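**Q** Test case, fold it:
(chains A and B)
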Amino acid sequence: MKKIIKACGFHCIKVNHLGVSFGEQVVLEDVNLHVHCNSLMAIVGKNGAGKSTLVRALLGDVPYTGNIEFRDTKDGHMEKLKIGYVPQKLNVDKNTPLSVYDLIASYQFRFPIFLAKRRNLYQQIKEALAVFEAEDLIDRQVCNLSGGQMQRVLLSMAFMDEPHLLLLDEPVSGVDQTGMDLFYKTITRIKEQYDLAIILISHDMDYVRKYADQVVLLDKTVLASGTPHELYARPEFIAIFGEHAGGAQTVAHETHSRPIVEYKPYDASYHGKGGTK
Amino acid sequence: MDILTMFDYSFMRMAFLAILIITPLFGLLGTMIVNKKMAYFSDALGHSALTGIAVGVICGMHDTTLSMILFAIVFALLLNWINAKAFASTDTVISVFSSCAIAIGLAILSRGGSFSQYSGILVGDVLSITMPEVTGLFVVFIITIIFYLICYNAISAIAVSPILARSRHIRVYLLESLFSVLVAVIVTVSIKWVGILIINALLILPAASARNVSQNARSYSAYAVIFAMFSGIVGLFVSYFTNVATGPMIVIIASAIYFGTLLRPFRDA
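**A** Numbering: from 1, shown residues only, chains lettered A, B, ... in the order given. Sure, this is the predicted structure:
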């Protein structure tokens, strides 16, 4: 990922015939995706359609069939794909003594976080946070961040690795309307300024319509795909989400969109032990 | 009364040394056990010590420490594996295996009505520790420090989000297994001196207290170690002068610290 002025559009990520099965149960089969750098692909689908499993497969967290390739289309050579992942939520209880510095340093550096704060690491993390205007949060406790602040921290961390692909897993839960607008504007800015592709797992059809370049409707496999405008008119889409899902024209629908929720500390109900979910 | 007279006895000097090693070890280990919500897991490991002894007795081993350690390692790896496979929720799985192990242990050890000779291990006795055993503890202590220096960040990352950790190429299953084994070894080598009934309190209380007064990983570990050592040293002194078993006295002091940290002036620090 390099900061660029103009879209390059030469890198592409292809997912070919991806399939995931847990024992007898087929969760995903023959999923094909094609995403270019400087574009935002949204993946939508009802609950249980396999969206989270797709994320886990892309991250190599579950075994899958098929392959994922990352290619520089200018000269056709293949590279190892680096994915910056922003999870849905973190498993951080209230009262956990973990600062934003600790969080990022634990993933990013080897120097043990329980020993001492290293000035050069601190500086690097601060600079990474500054990209998303989150540098003031560096000494805050992770469990006390609001949903929006948490997102900016996680985005900063995903960015430190200079990923080719930014993978965002339903990152908008627990965030109010203003936070959502800000989030999507940030994503758009990243898309335009950096040389990377974005895949977003989303539930909010209004935002998808407004910001995504390409939408994929997933239900075990790719049912349909296209621009939001095209996809929202497709019978497959209407069968699942109804006629007005992507509309947002009516007042009634506006109120139906995501409610403004009060800030609450990050959801700690997730008992995520390795692989139990 | 001269407080230092207790050091006239060599067993008190040994006990003091042992406390100086065990308590910071437990303090450090506890911080990660609490972060990873493994309190119940370490409790089950402590209880599995009985089964380990029973296995040793059946195999006709003279020193059951080795059989205890081996059994605890197998038990820890088994729990970790089952947990990763997610047949049922973690606490249910641990409970099933823990009760089963204890029952087998008790059944074997109580054959012919002879359980009373093993009852000492329930309470533990730090005053009976010998120099080679203190050396053994010290070796475990050094291993733990090295493990923490290398793996602390990755284990903390796994505790925060296993899937995010995996996306950063952290070897989640391997590290979780290693950590479980480390906890198993430490719990079993200390159990003779601390006692099955209270060993978990000693692991959890200092970390739980430290959480109440710290905001980051550094103060968390520092407070946990300080609280653990303070409880250990003061507990040893008090137990000497009041003629109460050392382990329980240490836990009483650690509990008092915990309740102290719940008070407001500390919380807003």
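
**Q** Point out the residues in the stretch 51-200 of chain A that sit beside chain B.
**A** Counting by Cβ under 8 Å from any Cβ of the partner chain, the stretch 51-200 of chain A comes close to chain B at A:55-56, A:59-61, A:83, A:85, A:87, A:90-92, A:95-99, A:101-103, A:105-107, A:109-117, A:139, A:141-142, A:161, A:167. The way it works is simple: take the backbone N, C-alpha and C, and place the C-beta from them, glycine included.

**Q** Just the buried ones out of these, please.
**A** A:55-56, A:59, A:61, A:83, A:85, A:87, A:90-92, A:96-99, A:101-103, A:105-107, A:109, A:111-114, A:117, A:141-142, A:161, A:167 (16 or more other Cβ atoms under 10 Å in any protein chain shown).

**Q** Show the backbone phi and psi for residue 203.
**A** All of this refers to chain A. phi -110, psi -10 (degrees, to the nearest 10).

**Q** isn't B:Phe26 right next to B:Phe227, touching?
**A** No - using Cβ atoms under 8 Å, B:Phe26 is not in contact with B:Phe227, being 10.2 Å away.

**Q** so what sits against both of these two?
**A** B:Pro206 (Cβ atoms under 8 Å, 6 or more residues apart in numbering or on different chains).

**Q** With neighbour numbers in mind, choose between these two.
**A** B:Phe26 (32 against 26; other Cβ atoms under 10 Å in any protein chain shown).

**Q** who's in contact with that one?
**A** B:Phe26 neighbours (Cβ under 8 Å, 6+ apart): B:Ile186, B:Ser190, B:Leu202, B:Leu203, B:Pro206, B:Ala228.

**Q** can you do 7 Å?
**A** B:Leu202, B:Leu203, B:Pro206, B:Ala228 (Cβ atoms under 7 Å, 6 or more residues apart in numbering or on different chains).

**Q** Please produce TSV containing the residues you listed, extended by pLDDT and neighbour count.
**A** As requested, the contacts of B:Phe26 are arranged in TSV below (pLDDT from 0 to 100; neighbours: other Cβ atoms under 10 Å in any protein chain shown):
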residue	pLDDT	neighbour count
B:Leu202	91	29
B:Leu203	93	30
B:Pro206	96	32
B:Ala228	96	31
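
**Q** and which of those is nearest to chain A?
**A** Minimum distance to chain A across these is 12.9 Å, recorded for B:Pro206 (Cβ to the nearest Cβ).

**Q** Sitting in strands, which of the residues of the stretch 51-200 of chain A next to chain B do you find?
**A** A:Ile83, A:Tyr85, A:Leu167 (DSSP state E).

**Q** Does the first one touch A:Glu162 like I think?
**A** No - A:Ile83 is beyond contact range of A:Glu162, at 11.2 Å (criterion: Cβ atoms under 7 Å).

**Q** What count of nearby residues applies to the closest residue in space to A:Leu182 that isn't next to it in sequence?
**A** Ranked by Cβ to Cβ, 6 or more residues apart in numbering or on different chains and with sequence neighbours excluded, the top spatial neighbour of A:Leu182 is A:Gly148, at 6.8 Å. Close neighbours of A:Gly148, defined as other Cβ under 10 Å, add up to 19.

**Q** What of A:Ile43?
**A** By other Cβ under 10 Å, neighbour count at A:Ile43 equals 28.

**Q** Determine the three-state secondary structure at it.
**A** strand (DSSP: H, G, I helix; E, B strand; the rest coil).

**Q** Identify the residues contacting it.
**A** Neighbours of A:Ile43 in contact, by Cβ under 7 Å, 6+ apart: A:Lys51, A:Leu54, A:Ile199, A:Ile201, A:Val216, A:Leu218.

**Q** and the residues you listed as JSON lines, adding neighbour count, secondary structure and distance to B:Met131?
**A** What follows is those, written out as JSON lines (neighbours: other Cβ atoms under 10 Å in any protein chain shown; DSSP: H, G, I helix; E, B strand; the rest coil; distance: Cβ to Cβ, whole Å):
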{"residue": "A:Lys51", "neighbour count": "22", "secondary structure": "helix", "distance to B:Met131": "60"}
{"residue": "A:Leu54", "neighbour count": "27", "secondary structure": "helix", "distance to B:Met131": "59"}
{"residue": "A:Ile199", "neighbour count": "24", "secondary structure": "strand", "distance to B:Met131": "61"}
{"residue": "A:Ile201", "neighbour count": "20", "secondary structure": "strand", "distance to B:Met131": "60"}
{"residue": "A:Val216", "neighbour count": "24", "secondary structure": "strand", "distance to B:Met131": "68"}
{"residue": "A:Leu218", "neighbour count": "22", "secondary structure": "strand", "distance to B:Met131": "65"}
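
**Q** which of those residues sit farthest apart?
**A** Largest separation among the contacts of A:Ile43 by Cβ to Cβ: A:Ile199 and A:Leu218, giving 11.3 Å.

**Q** with the contacts of A:Ile43 in mind, which one is nearest to A:Arg71?
**A** With Cβ to Cβ as the yardstick, the closest approach to A:Arg71 among the contacts of A:Ile43 comes from A:Ile199, at 16.2 Å.

**Q** Need the mean per-residue confidence for the helix ranked longest in chain A.
**A** Counting residues, the longest helix found in chain A (DSSP state H) is helix A:177-193. For helix A:177-193, the mean per-residue pLDDT is 84.

**Q** Packing partners of it?
**A** Packing partners of helix A:177-193 (3 or more Cβ pairs under 7 Å, 6 or more residues apart in numbering or on different chains; DSSP states H and E): helix A:147-160, helix A:205-211.

**Q** Also compute the angle for the first one relative to helix A:177-193, please.
**A** Read that as helix A:147-160. 20 degrees (axes from the mean of the first three to the mean of the last three Cα atoms, to 10 degrees).

**Q** got the CA coordinates for helix A:147-160 in CSV?
**A** The C-alpha coordinates for helix A:147-160 follow below in CSV (Å, rounded to 0.1, in the frame of the first residue of the first chain):
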residue,chain,number,x,y,z
GLY,A,147,-17.7,2.4,18.9
GLY,A,148,-16.5,5.1,16.5
GLN,A,149,-13.2,5.6,18.3
MET,A,150,-12.6,1.9,18.4
GLN,A,151,-13.1,1.7,14.6
ARG,A,152,-10.5,4.4,14.0
VAL,A,153,-8.0,2.6,16.2
LEU,A,154,-8.7,-0.7,14.5
LEU,A,155,-8.4,0.9,11.1
SER,A,156,-5.1,2.5,12.1
MET,A,157,-3.8,-0.9,13.1
ALA,A,158,-5.0,-2.6,9.9
PHE,A,159,-3.1,0.1,8.0
MET,A,160,0.2,-0.3,9.7
